[in-house]
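Trainee: got a structure for you, letters missing:
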């Protein structure tokens with residue numbers, strides 16, 4: 001599923017392919033509201049994908065920001 005978020009770094013929209021369906025994403029977000037972390041609620045996602053959902057920052061943008 002393609003997911004678009006606005007980055008908190010540059011206020012630009014970025015899109016990533018995520019290995020989830022819309023219903024899995026909705027369920028995961030509901031579980032997160034119930035006190036689970038995003039990683040627990042959406043265990044099929046990588047750390048970078050979870051961070052993207054939360055911040056809109058792609059793993060590539062984070063590496064660039066960190067100077068790597």
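Mentor: Thanks, I have the structure now. Fair warning: this is a prediction, and the values are worked out from it, not measured in the lab. Numbers count the residues shown, from 1 in each chain.
Trainee: Tell me which residue is most central in this protein.
Mentor: Taking Cα atoms, centre = their mean, the centroid of the chain lies closest to residue 53, which sits 2.1 Å from it.
Trainee: Isn't residue 50 up against residue 41?
Mentor: No: between residue 50 and residue 41 there is no contact under Cβ atoms under 8 Å: 9.1 Å. For the C-beta atoms, the positions are set from N, CA and C on the backbone; glycine is no exception.
Trainee: Residue 59 touches residue 50, doesn't it?
Mentor: No: between residue 59 and residue 50 there is no contact, the gap being 10.6 Å when judged by Cβ under 8 Å.
Trainee: Neighbours of residue 19, how many?
Mentor: Close neighbours of residue 19, defined as other Cβ atoms under 10 Å, add up to 11.
Trainee: tell me the contacts of the nearest residue to residue 48 once chain neighbours are set aside?
Mentor: Leaving aside its sequence neighbours, residue 48 sits nearest to residue 59 (Cβ to Cβ, 6 or more residues apart in numbering; 3.7 Å). Applying Cβ atoms under 8 Å, 6 or more residues apart in numbering, one finds that residue 59 lies in contact with 48, 51-52.
Trainee: Could you pull up phi and psi at residue 17?
Mentor: Note on residue 17: its backbone torsions stand at phi -80, psi 130 [degrees, to the nearest 10].
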